[in-house]
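Asks: sharing a model prediction with you, sequence too.
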Amino acid sequence: MVRLITLLTVFISTTAMAQTILFDEFSNNPAERWEFITDQVMGGVSTGNVSFMTEKGTCYARMTGNVSLENNGGFIQFRRKVTSHFDKSKQGLELKLRGNKQKYFVHIRTTGTFLPWQYYHAPFSSNSDWKTVRIPFSMFERSSGLLLKNITAKNIRSIGIVAFGKKHEVQLDVKQISIF
């Protein structure tokens, strides 16, 4: 009986872990995988940067800056290309983060987002304590009616963490991004 319970526990734990796949935990030279972009690419004046830090043995990305709406601007972001396909059965993203009590966004680009201003986005909130946020793909909204309504995980080409849409000071730490 004890052996059966042990086997069931291992099976359940393994199944639960198999459901979530780590995308990044910001160790091993994350600056080689992530790029920082501001609205300055289109004439805006928002400023900021992304730094990769370690605190008490935990690696994380810290995005800081100021979002400005001047000159039709309004965003800063750090983004990573997806170099291998996710399984189409995956249902969303999981983020471990903390911040300055502002609303931020995840932007996803897919094989169907051809123009620079096309993406899918979903908001999340931050506070000063580390927390886990799960965002199902069904919560993402498309930036244009020309995009398909739903995201399919196997079609994801990049994931971005974004501050946009309103003038505000940015401080957001992300220590892990996974797909579930």
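Replies: Yep, it's here. These numbers were taken from a predicted model, which means no experiment stands behind them.
Asks: please enumerate the helices of this protein.
Replies: 2-19 (DSSP state H).
Asks: quick one: the strands in it?
Replies: Using DSSP state E, the strands of the chain run over 21-24, 34-38, 47-55, 58-67, 75-81, 92-99, 103-110, 120-125, 131-136, 141-142, 156-164, 168-179.
Asks: partner strands of the third one and their direction?
Replies: Read it as strand 47-55. In the sheet, strand 47-55 lines up against strand 58-67 (antiparallel) (DSSP bridges).
Asks: what does the longest one give?
Replies: In the sheet containing strand 168-179, its partner strands are strand 21-24 (antiparallel), strand 58-67 (antiparallel), strand 92-99 (antiparallel), by DSSP bridges.
Asks: now the first one - C-alpha only, PDB.
Replies: Included here for strand 21-24 are C-alpha records, laid out as PDB according to Å, rounded to 0.1, in the frame of the first residue of the first chain:
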ATOM      1  CA  ILE A  21       7.800  24.500 -19.100                       C
ATOM      2  CA  LEU A  22      10.400  27.000 -18.000                       C
ATOM      3  CA  PHE A  23      10.900  29.700 -20.700                       C
ATOM      4  CA  ASP A  24      13.500  31.800 -18.800                       C
END
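Asks: chain center to it, what's the gap?
Replies: Here strand 21-24 is found 11 Å from its chain centre; the criterion is CA atoms, centre = their mean, to the nearest Å.
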